[in-house]
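Chemist: One predicted model, sequence on top.
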Amino acid sequence: MDWQQYELEREQRLDSARDRVASMTLAELDVAHWDLMRFDTIWPYFERLRQEAPVFYHENSIAGPFWSVTTYDLVKAVDTDPARFSSEPTIGLNVTTEQDNASSFIAMDDPQHAKQRKAVAPVAGPRNLAALEPTIRERVKGILDGLPVGESFNWVDRVSIELTTQMLATLFDFPFDDRYKLTRWSDIATSPRKAGLWETLEERDRELNECLEYMTRLRDERTETPGGFDLLSMLAHNEETRDMPPRMFLGNLLLLIVGGNDTTRNSISGGVVAMNRYPEEFEKLRADRSKIPHAVAEIIRWQTPLAFMRRTTTEDVEIGGQVIPKGERVLMWYASGNRDESVFEDADRLDIDRANARQHLSFGYGVHRCMGNRVAELQLRILWEEMLDRYSRIEVTGAPVRAISNFVRGYTHLPVKLHT
């Protein structure tokens with residue numbers, strides 16, 4: 001299927017989804033079903049919830065009962081109220097194995113959250129960003145210079161995964177030849193069984209235990225050599241993190257691996273999809289490269305690499321005209337808030353001149369705002385600068401294949417052809 005046929009069928013699927021949503025009761029809307037993300041038909045569901053029930057209880061969801069919060073202002077209100085909307089015990093929707101109960105600082109409230117986050121925050125600080133920029137540019141140039149021109153290849157494998165995996169290896173000071181283990185562990189940690197990456201829970205646990213064992217060995221080595229500025233050295237030498245129990249160490253490892261992988265990786269692919277859907281935006285970028293930083297923010301808004309974050313109510317909370325009882329699961333749908341027409345005009349389209357693009361929700365808000373947001377933006381900015389140096393067009397030649405997930409809005413395959 002070529003790109004034009006794919007786009008035609010995508011519009012037909014969206015039309016069918018709109019008709020289906022219009023005929024359903026609110027109780028029948030299940031925004032947690034992964035097929036809605038997989039086939040990119042989630043948008044009419046979110047639109048109806050924003051209009052009719054921005055705070056809604058899904059009693060019969062495939063993922064079990066939970067509350068959805070779908071408008072921009074209400075998502076932001078939840079995200080900036082950690083006292084009543086706790087990150088503990090987890091920010092995920094499904095807890096299926098012992099490994100999923102491995103705690104990390106993103107699934108902690110203050111003061112413990114702040115103490116552990118502070119241990120690794122310097123990796124994304126201004127000093128390290130300045131030091132990283134030449135390395136990122138060198139890596140980007142090497143990747144792009146190795147790509148074929150004029151023939152189709154999978155952009156996800158050759159660019160999106162390769163760049164983010166190389167940068168993860170740099171941030172962890174991880175053995176470069178083994179760097180694809182990082183991508184594998186990230187995918188295992190975030191993918192449901194239906195995605196086909198693991199067959200049994202025992203198999204999944206074995207792979208995540210491999211991550212724990214490998215990283216524990218590296219951390220222990222660095223405990224003996226102070227002065228390192230990589231993530232493992234920071235964890236090894238900070239008094240709040242150096243003696244973490246194994247499950248907590250694994251939880252923080254997976255947080256840092258997934259956080260360093262999914263946002264950047266899927267925004268890289270999503271940006272190429274968006275520029276093909278709205279080629280006039282690509283031409284605007286080619287004509288004025290000063291727009292690149294703002295275009296990066298708009299791409300991250302449009303893609304929203306992580307669809308939601310979960311909170312748990314610590315007391316009965318009235319919000320959006322609804323009372324959510326204590327102890328309930330609440331999903332802040334960043335993907336929906338980023339398409340809220342009351343905040344982002346013509347929100348479904350990519351507009352690199354959008355005045356408020358930087359107000360997107362993709363990195364979260366409040367105390368849990370994504371620690372590595374500047375690292376992600378830096379990688380994307382450099383990538384687009386180097387691509388514009390080389391290519392007159394990055395043509396999507398076939399149907400993108402999206403990840404099977406209700407959490408990660410990503411791609412597993414994106415056929416492209418480069419034109420100079």
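Modeler: Received, thanks.

Chemist: how about the strands of the chain, start to end?
Modeler: For the chain, strands defined by DSSP state E occupy the ranges 55-58, 66-69, 85-86, 153-154, 308-313, 317-319, 322-324, 329-333, 393-396, 401-402, 411-413, 415-419.

Chemist: got a markdown table for the ones you listed, with distance to Pro111, mean neighbour count and mean pLDDT too?
Modeler: All C-beta atoms are positioned from the backbone trio N, CA, C, and that covers glycine. Output for the strands of the chain, formatted as a markdown table (distance: least, Cβ to Cβ, whole Å; neighbours: other Cβ atoms under 10 Å; pLDDT from 0 to 100):
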| stretch | distance to Pro111 | mean neighbour count | mean pLDDT |
| --- | --- | --- | --- |
| strand 55-58 | 29 | 20 | 98 |
| strand 66-69 | 26 | 24 | 98 |
| strand 85-86 | 13 | 22 | 96 |
| strand 153-154 | 45 | 17 | 98 |
| strand 308-313 | 18 | 23 | 96 |
| strand 317-319 | 22 | 16 | 98 |
| strand 322-324 | 25 | 16 | 98 |
| strand 329-333 | 22 | 25 | 97 |
| strand 393-396 | 46 | 18 | 98 |
| strand 401-402 | 39 | 18 | 96 |
| strand 411-413 | 38 | 18 | 95 |
| strand 415-419 | 47 | 19 | 98 |
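
Chemist: Dump the ones you listed into CSV; add distance to Asp230 as well.
Modeler: Formatted as CSV, the entries for the strands of the chain read as follows, by distance: least, Cβ to Cβ, whole Å:
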stretch, distance to Asp230
strand 55-58, 41
strand 66-69, 37
strand 85-86, 31
strand 153-154, 30
strand 308-313, 26
strand 317-319, 40
strand 322-324, 41
strand 329-333, 31
strand 393-396, 32
strand 401-402, 32
strand 411-413, 28
strand 415-419, 32
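
Chemist: between the ones you listed, which gets nearest to Tyr365?
Modeler: When the strands of the chain are compared for distance to Tyr365 using Cβ to Cβ, the nearest one is strand 329-333, at 9.2 Å.

Chemist: Please verify my assumption that Asp2 contacts Val396.
Modeler: No. Taking contact to mean Cβ atoms under 8 Å, the distance of 9.2 Å between Asp2 and Val396 leaves them out of contact.

Chemist: if I pick the residue nearest to Phe363 when sequence neighbours are not counted, what's in contact with it?
Modeler: By the measure of Cβ to Cβ, 6 or more residues apart in numbering, the closest residue to Phe363 outside its immediate chain neighbours is Cys370, 3.9 Å from it. When the contact criterion is Cβ atoms under 8 Å, 6 or more residues apart in numbering, the partners of Cys370 are 259, 263, 362-364, 376.

Chemist: Out of those residues, name the ones that lie in helices.
Modeler: 259, 263, 376 (DSSP state H).

Chemist: Ramachandran angles for Ser61?
Modeler: Backbone dihedrals for Ser61, given as degrees, to the nearest 10, come out at phi -70, psi 150.

Chemist: what number of residues lie near it?
Modeler: For Ser61, the number of neighbouring residues by other Cβ atoms under 10 Å comes to 19.

Chemist: which ones are touching it?
Modeler: When contacts are counted by Cβ under 8 Å, 6+ apart, Ser61 touches 30, 32-33.

Chemist: Repeat that for Thr225.
Modeler: Neighbouring residues of Thr225 by Cβ under 8 Å, 6+ apart: Ser233.

Chemist: next one: Ser392
Modeler: By Cβ under 8 Å, 6+ apart, the contact list for Ser392 reads 286, 419-420.

Chemist: Rebuild those as CSV, extending it with distance to Arg339.
Modeler: Supplementary listing: the contacts of Ser392 in CSV, determined by distance: Cβ to Cβ, whole Å:
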residue, distance to Arg339
Arg286, 26
His419, 31
Thr420, 35
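
Chemist: hmm, back to that, show the buried residues in the contacts of Ser61.
Modeler: Neighbour counting by 16 or more other Cβ atoms under 10 Å classes 30, 32 among the contacts of Ser61 as buried.

Chemist: wait, isn't Arg184 in contact with Glu207?
Modeler: Yes. In terms of Cβ under 8 Å, Arg184 counts as a neighbour of Glu207; the distance is 7.2 Å.

Chemist: Now the terminal residues of stretch 331-351, how far apart.
Modeler: Start and end residues of stretch 331-351 are separated by 27 Å (Cα to Cα, to the nearest Å).

Chemist: Next, report how far it is displaced from the centre of its chain.
Modeler: Relative to the chain's own centre, stretch 331-351 is displaced by 16 Å; criterion: Cα atoms, centre = their mean, to the nearest Å.

Chemist: before we move on, the earlier item: among the strands of the chain, which is nearest Ile42?
Modeler: With distances scored as Cβ to Cβ, the stretch of those nearest to Ile42 is strand 329-333 (9.2 Å).

Chemist: Give me the number of neighbouring residues for Thr420.
Modeler: Residues within reach of Thr420, counting by other Cβ under 10 Å, total 8.

Chemist: pretty sure it contacts Val149?
Modeler: Yes. Thr420 sits in contact with Val149 when judged by Cβ under 8 Å, with a separation of 5.8 Å.

Chemist: pull the CA atoms of stretch 184-197 into CSV?
Modeler: Output of stretch 184-197 as CSV, limited to C-alpha atoms (Å, rounded to 0.1, in the frame of the first residue of the first chain):
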residue,chain,number,x,y,z
ARG,A,184,14.9,-4.2,23.7
TRP,A,185,14.4,-3.6,27.5
SER,A,186,12.5,-0.4,26.8
ASP,A,187,10.1,-2.2,24.4
ILE,A,188,9.7,-5.2,26.8
ALA,A,189,8.8,-2.8,29.6
THR,A,190,6.1,-0.9,27.7
SER,A,191,4.6,-3.5,25.4
PRO,A,192,1.5,-5.6,26.1
ARG,A,193,1.5,-9.3,25.4
LYS,A,194,-0.5,-8.6,22.2
ALA,A,195,2.5,-6.8,20.7
GLY,A,196,4.2,-10.1,20.3
LEU,A,197,7.5,-9.2,22.0
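
Chemist: Having no further points to raise, I will conclude here.
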